[in-house]
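J.: Provided below for reference: sequence and predicted model.
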Amino acid sequence: LTREARYVREGVAQIAGWISANPYQYGVNWTCAMEVAIRACNWLWVWHAFRDSEVWNTSFNELFLDSVWKDGKFIEQNLEDRGGIRTNHYLANIVGLLFIGLMIPQYEDAKKWKEFAVLQLAFCMEEMVTPDGVGFENSTAYHRLVLELFAYSAILCKRNEINLPEAFWERLEKMFIFIMYCTRPDGRIPMIGDSDD
């Protein structure tokens, strides 16, 4: 927003450092596809904001794009839908593939990832959110996480003229209504159900 190169330099340094310290599929940061997917989404927001800067040069951009493509491959090969139940982990996987497939269409797998993710996004809304707009995990913390994943994906789809079913939008609105009524005047929410912390 400020167009100050120091922020771009810091972003490039952090991402390059991370890539160097975490070779593909080696180490703790490659044990959970959800983490890979959320990292890819966050990095793509950074890329969208910084890619026109001179600091975000061609050689770094190639390193970055290669890393994000590997993220997509990892997510695709490690979808967290085993055990008969799909949770916020699986939804994060789908959102990661959606972001990568939509934002970097030149990837050989981009179209496949995008199409799969759009179908699964609608399916996840139906499967993971009850008709009254409450996340099936019965946790206010996970409800907020799932709402964030659905909302950002819906915005990205809308901006790219991808139609999601009307039922998706109806449940998304109900999710916002539910969280609005759960939120206290000070912005905090009662902790109902489990959460990672």
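T.: That came through fine. Predicted model only: the values in this text are computed from it and were never measured. Numbers count the residues shown, from 1 in each chain.

J.: chain center to stretch 128-138: distance?
T.: 19 Å (C-alpha atoms, centre = their mean, to the nearest Å).

J.: next one: stretch 41-60
T.: 17 Å.

J.: now swap in stretch 154-165 and tell me
T.: 15 Å.

J.: list the buried residues for that stretch?
T.: For stretch 154-165, the neighbour count (16 or more other C-beta atoms under 10 Å) marks A154, L156, C157, I162, L164 as buried. C-beta coordinates here come from the backbone N, C-alpha and C atoms, glycine included.

J.: so for that stretch, mean pLDDT?
T.: What stretch 154-165 shows for mean pLDDT is 96.

J.: what is the end-to-end distance of that stretch?
T.: End-to-end distance for stretch 154-165, by C-alpha to C-alpha, to the nearest Å: 11 Å.

J.: quick check: the farthest pair among the buried residues of stretch 154-165?
T.: Spanning the widest gap among the buried residues of stretch 154-165 are L156 and L164, at 10.6 Å by C-beta to C-beta.

J.: next, the buried residues of stretch 132-139.
T.: Applying 16+ other C-beta under 10 Å to stretch 132-139 flags G133, V134, G135, E137, S139 as buried.

J.: quick one: which of those is nearest G193?
T.: S139 (2.9 Å).

J.: any idea how far the closest one lies from I189?
T.: 11 Å (C-beta to C-beta, to the nearest Å).

J.: need the contact list for L147.
T.: For L147, the contacting residues are G135, L172, M175, F176, I179, by C-beta atoms under 8 Å, 6 or more residues apart in numbering.

J.: what residues are up against the residue nearest to F136 when sequence neighbours are not counted?
T.: Closest residue to F136 apart from its sequence neighbours, by C-beta to C-beta, 6 or more residues apart in numbering: M128 at 5.3 Å. By C-beta under 8 Å, 6+ apart, the contact set of M128 is R86, T87, N88, L91, G135, F136, E137, V146.

J.: kind regards, and thank you for your time.
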